[in-house]
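[1] Sequence isn't available, so here's the structure alone:
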């Protein structure tokens, strides 16, 4: 019988082709003989009649049937292309701390050792930008480099994972066997609207998810008992204001009509912790993270801190988001209760999370190890995947907040109209705008932290410095065009500010030299080093280290000189700049621009990004002439930002 993995590789390859594929081409791809290809095709068609058709031109596949087959086998651990193989190699070596041999890896990836060597060479080139390297000494594959660089590549892979497979109600619905997420969303939204309360889209998604999990778990585990003390129960019930309590009660009663399962009002209160922290109204009592210890106990607050610290140290992933930590603390409390009472949640179809978000799942495995170290409980896979769901939602939300413009809507005396405007604008600008709040007015105590745009149906206080736009209550085509322009402008300014911050980290006005008319390289080194030393940016030995490097090899490259010490044992990371319209002699070159570097090891990545950009723009003759005409430090910084 043909190997299942080889069959899936064949189906996957043919499914990605747009024309006939010859037997030879397929044999080369699968790294098997032509005879084996024909046998494999025959075996596939026995199992799936008429899936693959053949002619004198080669093979073609029924793509609809092929996609169905591949989806059924999507849980297979065999990566189907180079990108998936690269990710598996990096994860197994950097995260799982494995030391695989060439033969072990090639067998696991279902490719030949020769193909693996070629792909390792490609990976070596790709990860060099992280200052990492792939080695194959004594047939063992390893990745070497600094820990922070290893963490950075993992974080980039995670962000790519989120970007390519975002969380949504439709995707998460596949996890549940009992509840209808869309139905719950409509129920919650209706009650919030009736009570003139607002949840932004990500908070609403999170809230629906928590309610659904509460119903699903309780509905399938009738024996799950609440072990909270009366004091803990009372503290939980009193967290929300009377307005929030009214909403939670209404949601509970409506849910009871639809899902008549064994969950209590207290369960819905716990699921509503998120809403209590993010719901918008004039009379809300917010839960703060520092309340967790008094509500859930010191063991939970200590466990949360250990998890956050460990994940940050290992993956460079920051979980310290107050709303997430509050939700996750309640989740941990329930998790430990389930483990203590041997309660399983294996009725949930969590395997898809492991396959769709492998790196987020890896972080969750790490969290499960921290829980084991603190509690002694070994978490089953479904509980780990449940944690991954929490982490994935947080990272998806963080990415959205980073990529989108954070806006609020002000609609005086017409809250329901404000919500209609919010819904319409969210649909139009779904990729660019996050409406985090709908208010009837801005008061002195209104929290505007993080708000980048105010959209109001009436004029607002001109003393508010936040960008604002007055729109028609019925949102005209002119409004839509104008808001698009404003969003683009805000996003461009955000990018420029990030660039400016990076640039200003290294460049300082007291280290900016123009029209100094240095006689030669020694004159430039003496003057620039003396200023850097006198201003205490570098140690007294810095000048000697510069000369030591220049003695080995002058640091001029064409019309640019980049003098720097041979080591990175710097006191601070700075770049002194000298613009020289009249070139100075430096080695065998005539230099117009000098970058004198002092660089700490931990700032190497940030420096590489900035310096690669600077050297690229200076290759442009038009830009170079502009730089040579700069007279002030501010003009220099503004020019670099604008060139970007």
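    In hand now; what should we look at? What you see is a predicted model, and the numbers here were worked out from it, not measured in a lab. Residues are numbered from 1 along each chain as shown.
[2] Can you tell me the element residue 579 falls in?
    Taking DSSP states H and E as the criterion, residue 579 maps to strand 574-586.
[3] Oops, could you answer that again for residue 8 instead?
    Residue 8 belongs to helix 4-15, assigned by DSSP H and E.
[4] Residues contacting that helix, please?
    With CB atoms under 8 Å, 6 or more residues apart in numbering as the test, helix 4-15 has contacts from 21, 26, 29-30, 32, 37, 40-41, 43-44, 47, 51-52, 59-61, 63, 66-67, 69-70, 73, 76, 78, 80-81, 110. All C-beta atoms are positioned from the backbone trio N, CA, C, and that covers glycine.
[5] buried stuff in stretch 45-56?
    Buried residues in stretch 45-56, counted by 16 or more other CB atoms under 10 Å: 48, 51-52.
[6] Which of those scores worst on pLDDT?
    Among the buried residues of stretch 45-56, residue 48 carries the weakest pLDDT, at 87.
[7] Let me know the distance separating that residue from residue 15.
    Going from residue 48 to residue 15 by CB to CB, to the nearest Å gives 12 Å.
[8] Equivalent analysis for residue 58, please.
    When distance is defined by CB to CB, residue 58 is 14 Å away from residue 15.
[9] Nearest the middle, which residue of the protein would you pick?
    When CA atoms, centre = their mean is applied to the chain, the residue found nearest the centroid is residue 159 (3.5 Å).
[10] Tell me which helix or strand that one sits in.
    Assigned by DSSP H and E, residue 159 belongs to helix 147-164.
[11] show me where pLDDT drops low in the stretch 101-250 of the chain?
    The stretch 101-250 of the chain contains residues with pLDDT under 70 at 162-171, 174-175, 200, 202, 217-241.
[12] Strands of that one, residue ranges please.
    Per DSSP state E, counting those that start in this stretch, the stretch 101-250 of the chain carries strands over the ranges 133-137, 140-144.
[13] Which parts of this protein belong to which domain?
    What the record gives for the chain is the domain set 4-72, 82-145, 149-167+290-399, 176-287, 404-475, 501-643, from automatic domain parsing.
[14] As a markdown table, the ones you listed with distance to residue 486 would be great.
    Output for the domains of the chain, formatted as a markdown table (distance: least, CB to CB, whole Å):
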| stretch | distance to residue 486 |
| --- | --- |
| domain 4-72 | 41 |
| domain 82-145 | 35 |
| domain 149-167+290-399 | 22 |
| domain 176-287 | 19 |
| domain 404-475 | 6 |
| domain 501-643 | 20 |
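[15] how much space between residue 90 and residue 447?
    Taken as CB to CB, the span from residue 90 to residue 447 is 41 Å.
[16] And for residue 592?
    51 Å.
[17] Looking at these two, which one has more neighbours?
    Between residue 592 and residue 447, counting by other CB atoms under 10 Å, residue 592 is the more crowded of the two (20 against 10).
[18] In which helix or strand does that one reside?
    Residue-wise, residue 592 maps onto strand 589-598 under DSSP H and E.
[19] Can you list the strands that that strand pairs with?
    strand 560-561 (parallel), strand 574-586 (antiparallel) (DSSP bridges).
[20] Pick out the shakiest of these, pLDDT-wise.
    strand 560-561 (a mean of 89).
[21] From the chain's centroid, how far away is it?
    The chain centroid and the centroid of strand 560-561 are separated by 37 Å, computed with CA atoms, centre = their mean, to the nearest Å.
[22] go on, stretch 19-39?
    Worked out by CA atoms, centre = their mean, stretch 19-39 lies 39 Å from the chain centre.
[23] Go through that stretch and flag the buried ones.
    21, 23, 26-27, 29-32, 36-37.
[24] The nearest residue to residue 69 once chain neighbours are set aside - how many residues pack around it?
    Excluding the flanking residues, the one nearest residue 69 by CB to CB, 6 or more residues apart in numbering is residue 11, at 6.0 Å. Neighbours of residue 11 under the rule other CB under 10 Å: 23.
[25] cool, residue 492 as well?
    Around residue 492 there are 10 other residues, counting by other CB under 10 Å.
[26] gap between it and residue 391?
    Taking CB to CB, one finds residue 492 at 31 Å from residue 391.
[27] likewise residue 488?
    Residue 488 sits 32 Å away from residue 391, going by CB to CB.
[28] Next: residue 383.
    Taking CB to CB, one finds residue 383 at 13 Å from residue 391.
[29] Repeat that for residue 460.
    Shown here: residue 460 relative to residue 391, a distance of 38 Å by CB to CB.
[30] Quick one, which of the domains of the chain gets closest to residue 484.
    domain 404-475 (7.5 Å; CB to CB).
[31] so how far is the closest one from its chain's centroid?
    With CA atoms, centre = their mean, you get 26 Å for domain 404-475.
[32] Let's have the strands paired with strand 589-598 in TSV, adding mean neighbour count and distance to residue 612.
    Converted to TSV, the strands paired with strand 589-598 look like this (neighbours: other CB atoms under 10 Å; distance: least, CB to CB, whole Å):
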stretch	mean neighbour count	distance to residue 612
strand 560-561	22	13
strand 574-586	20	14
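[33] Out of these, which is closest to residue 353?
    Nearest to residue 353 among the strands paired with strand 589-598 is strand 574-586; the distance by CB to CB comes to 44.8 Å.
[34] Any chance you could list what contacts that closest one?
    506-508, 511-521, 523-524, 528, 531-532, 537-538, 554-556, 559, 561, 590-598, 627-630, 636.
[35] Let's see that with 6 Å instead.
    Outside of strand 574-586, the residues within contact range by CB atoms under 6 Å, 6 or more residues apart in numbering are 506-507, 511-514, 518, 520-521, 528, 532, 537, 556, 561, 590-592, 594-598, 628.
[36] Buried subset of the residues you listed, written for PyMOL?
    Here is the PyMOL command that picks out the buried ones among the contacts of strand 574-586, judged by 16+ other CB under 10 Å:
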select buried, resi 506+507+511+512+513+514+518+521+528+532+537+556+561+591+592+594+595+596+597+598
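[37] Past the helix or strand hosting residue 510, which element shows up next along the chain?
    According to DSSP H and E, residue 510 maps onto strand 507-514. Scanning forward in sequence from strand 507-514 by DSSP H and E, the next helix or strand is helix 521-534.
[38] how about that next one: buried residues?
    Within helix 521-534, the residues scored as buried using 16+ other CB under 10 Å are 521, 524-525, 528-529, 531-533.
[39] Fine by me, thanks again.
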